[in-house]
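S.K.: Okay, here's the prediction I keep looking at, along with the sequence it came from:
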Amino acid sequence: MTRHLFTLFLALLLLTSLPGRAQAQLPELGNPVDTVLSPAEERQIGAEVFAQLRARGGVIEDPLLDSYLNDLGIRLMSSASGTRFAPQLIIVDNPMINAFTVPGGYIAIFSGLMLAAENESELAGVVAHEIAHATQRHIAQMVAAQTGNSMTAVAGFIAGILLGAIDPQLGAAVATAGIAGAAQNAINYTRMHEREADRIAIDTLRRADVDPRGMASFFETLQRRAGASPGRQFEFLRTHPMNSERISAIRDRLAGLNADRFGASDSQSFRLARARLAALTGTSGLSLEQPAETYRQAVTAERRGDHDQAVEKLRPLYRDHPGNRWYALPLARALNDTGRTQEADRVLADLISLYPGDSTLLRVEVDWLLDRGDAKTAYRTARQAVEERPKDAEAALTLSRAASAANRPLEHHEQLGRYFLLKDNLVAAHQELETAYTYTADNPRAQARIESTLQEIERRAGQTDE
Ligand SMILES: [Zn+2]
């Protein structure tokens, strides 16, 4: 942990020590918060913080859930007003009902919140609300409002919030270590920020064709449940202060809109995502409709190692919905695990032909080849995907894993560096590419290639500070 935190501070110190900050001028028509935190800096902080969260564990890494939640995030972000960031959403494995936004469009949704949402419109309501905090740059504004904040204080402030959100003890430890006094305050959006986020979220949801009423009903449910059993479980209400006034403001706004033009409140994908999450977190007691309940049982069976039962439950679902990834991927996995590799390969091949260039499928295919001990084919498959899609960060990450298994350290570090670069995590990208460089002694072409990427990173790091 200490090392990770240290990297975060190093990253931020690097930003502050670059020339230019001291002379930074107020841009004539720019946003005043830019002088505290530019969008590019926000991006870097977010990328770095999420990399730390992932490294610490406690994040649910599941290709299907990841792509579901991120597709929802992209849909909402592209309908939001303000500074749009490429959204990055993760699911924190924690039963608390909470969600938070890190600068730069990085949003963490707790598994407890996703399971508490009864339909997609409720989940989307929270995501749209978090997106509004990001696009309105509320954290940067909060930091700007506190006088005398240096970048180090900003770093401490953000690290404290995040660690506190994931693990209260850790958050407190950071604060008491005196790294930054601000950390103790953690995030508390002001009422004004909350009202603004609610208002923008409603517009965003409407533009994205999602019923905005889920947001109001979800907030009401949370407030009612928190009233019945107060405690840390409803952390969301503390970080996003809620009161009946705020809920009536949302209700009033909704009442003034034409309900005939509200979009969908639910989707089959949401129901399957929730069932899958319940299985992966071992959560029982949810009442799920069919086929979500059978799906939950199948994923639970697969997790227990009961592959035959998983196949038995998934086969009919897949037969009725060919091409549905929620069923096909775990079915292929379970078939593989029971030694029915031909049938498994067929299911996966069908999917790949349906979704060419899908990075989730690439990740599964490569993982699978690696599990079978075929690092060579895994490497070749991933290499080809990266050549076809040089901007695909996930493909670069998959290639870096395959390269590591295929004993190619240069490419392992270079692709990891490219992944971080595509995700705007300049510090981590620089680090990986410098490591890659140490493997290029007898490879002048790779040396030149990596050198030019390193220069590009340095140029970009310099620019974020202007
Ligand atoms: Zn909020």
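M.R.: Looks like it arrived, so ask away.

S.K.: Do I have it right that E220 meets I250?
M.R.: No: contact criterion CB atoms under 8 Å: E220 and I250 do not qualify, at 9.2 Å. (C-beta placed from N, C-alpha, C; glycine too.)

S.K.: out of these two, which sits in the busier spot?
M.R.: I250 (22 against 15; other CB atoms under 10 Å).

S.K.: Model confidence score at that one, please.
M.R.: I250 is assigned a predicted lDDT (pLDDT) of 95.

S.K.: Please report how far it lies from A128.
M.R.: To A128, I250 is 12 Å away according to CB to CB, to the nearest Å.

S.K.: which regions of the stretch 51-200 of the chain lie under the pLDDT threshold?
M.R.: 146-188 (pLDDT under 70).

S.K.: can you pull out the helices in it?
M.R.: Ranges of helices in the stretch 51-200 of the chain, per DSSP state H, counting those that start in this stretch, are 63-77, 111-116, 120-135, 138-145, 151-166, 168-176, 191-207.

S.K.: Return the distance of the fourth one from the chain's centre.
M.R.: The one in question is helix 138-145. 22 Å (CA atoms, centre = their mean, to the nearest Å).

S.K.: Next, the angle from it to helix 191-207.
M.R.: 160 degrees (axes from the mean of the first three to the mean of the last three CA atoms, to 10 degrees).

S.K.: just checking, what packs against helix 138-145?
M.R.: Taking 3 or more CB pairs under 8 Å, 6 or more residues apart in numbering; DSSP states H and E as contact, the helices and strands that helix 138-145 lies on are strand 99-102, helix 151-166, helix 191-207.

S.K.: List phi and psi for whatever residue of the stretch 101-250 of the chain ends up closest to the ion.
M.R.: Per CB to the ion, the residue of the stretch 101-250 of the chain with the smallest distance to the ion is H240, at 3.2 Å. Main-chain dihedrals, H240, degrees, to the nearest 10: phi -120, psi 80.

S.K.: ok, it - how many residues close by?
M.R.: With other CB under 10 Å as criterion, H240 counts 25.

S.K.: List the contacts of it.
M.R.: H129, Y189, E194, A197 (CB atoms under 8 Å, 6 or more residues apart in numbering).

S.K.: Can you say which of the residues you listed are also within reach of the ion?
M.R.: Y189, E194, A197 (CB under 5 Å from the ion).

S.K.: Scan those and report the most crowded one.
M.R.: Counting neighbours by other CB under 10 Å, the top entry in those is A197, with 24 neighbours.

S.K.: Isn't that one up against H138?
M.R.: Yes: applying CB under 8 Å, one finds A197 in contact with H138, separated by 7.2 Å.

S.K.: Which residues are in contact with each of the two?
M.R.: Residues touching both A197 and H138 (CB under 8 Å, 6+ apart) are Y189.

S.K.: What's opposite the residue nearest the centre of the chain in the beta bridge?
M.R.: The chain has L89 as the residue nearest its centroid, 2.2 Å off, counting by CA atoms, centre = their mean. Note on L89: beta-bridge partners I107, judged by DSSP bridges.

S.K.: From T135, how far out is whichever residue of the stretch 251-400 of the chain sits closest to the ion?
M.R.: Going by CB to the ion, the ion is nearest to R253 of the stretch 251-400 of the chain, at 15.6 Å. Going from R253 to T135 by CB to CB gives 18 Å.

S.K.: that older thread, and the helices of the stretch 51-200 of the chain, which is most packed in?
M.R.: For those, the largest average neighbour count (mean count of other CB atoms under 10 Å) is found in helix 120-135, namely a mean of 27.

S.K.: any idea how far it is from the chain center?
M.R.: Distance, centroid of helix 120-135 to centroid of chain: 13 Å (CA atoms, centre = their mean).

S.K.: tell me what it is packed against?
M.R.: Against helix 120-135 (3+ CB pairs under 8 Å, 6+ apart) you get helix 63-77, strand 99-102, strand 106-110, helix 111-116, helix 191-207, helix 213-228, helix 268-281.

S.K.: Give me the helices and strands touching the first one, please.
M.R.: In other words, helix 63-77. So helix 63-77, by 3+ CB pairs under 8 Å, 6+ apart, packs with strand 88-92, helix 120-135, helix 268-281, helix 325-337, helix 359-371.

S.K.: Only alpha carbons, please: show the longest one as PDB.
M.R.: Read it as helix 120-135. Below are the C-alpha coordinates for helix 120-135, written out as PDB (Å, rounded to 0.1, in the frame of the first residue of the first chain):
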ATOM      1  CA  GLU A 120     -31.700  -0.500 -14.800                       C
ATOM      2  CA  SER A 121     -33.200   3.000 -14.500                       C
ATOM      3  CA  GLU A 122     -32.300   3.000 -10.800                       C
ATOM      4  CA  LEU A 123     -28.700   2.000 -11.500                       C
ATOM      5  CA  ALA A 124     -28.500   4.400 -14.400                       C
ATOM      6  CA  GLY A 125     -29.800   7.200 -12.200                       C
ATOM      7  CA  VAL A 126     -26.800   6.800  -9.900                       C
ATOM      8  CA  VAL A 127     -24.300   6.500 -12.700                       C
ATOM      9  CA  ALA A 128     -25.800   9.600 -14.400                       C
ATOM     10  CA  HIS A 129     -25.500  11.400 -11.100                       C
ATOM     11  CA  GLU A 130     -21.900  10.400 -10.700                       C
ATOM     12  CA  ILE A 131     -21.200  11.300 -14.300                       C
ATOM     13  CA  ALA A 132     -22.600  14.800 -13.600                       C
ATOM     14  CA  HIS A 133     -20.200  15.300 -10.700                       C
ATOM     15  CA  ALA A 134     -17.400  14.400 -13.200                       C
ATOM     16  CA  THR A 135     -18.500  16.600 -16.100                       C
END
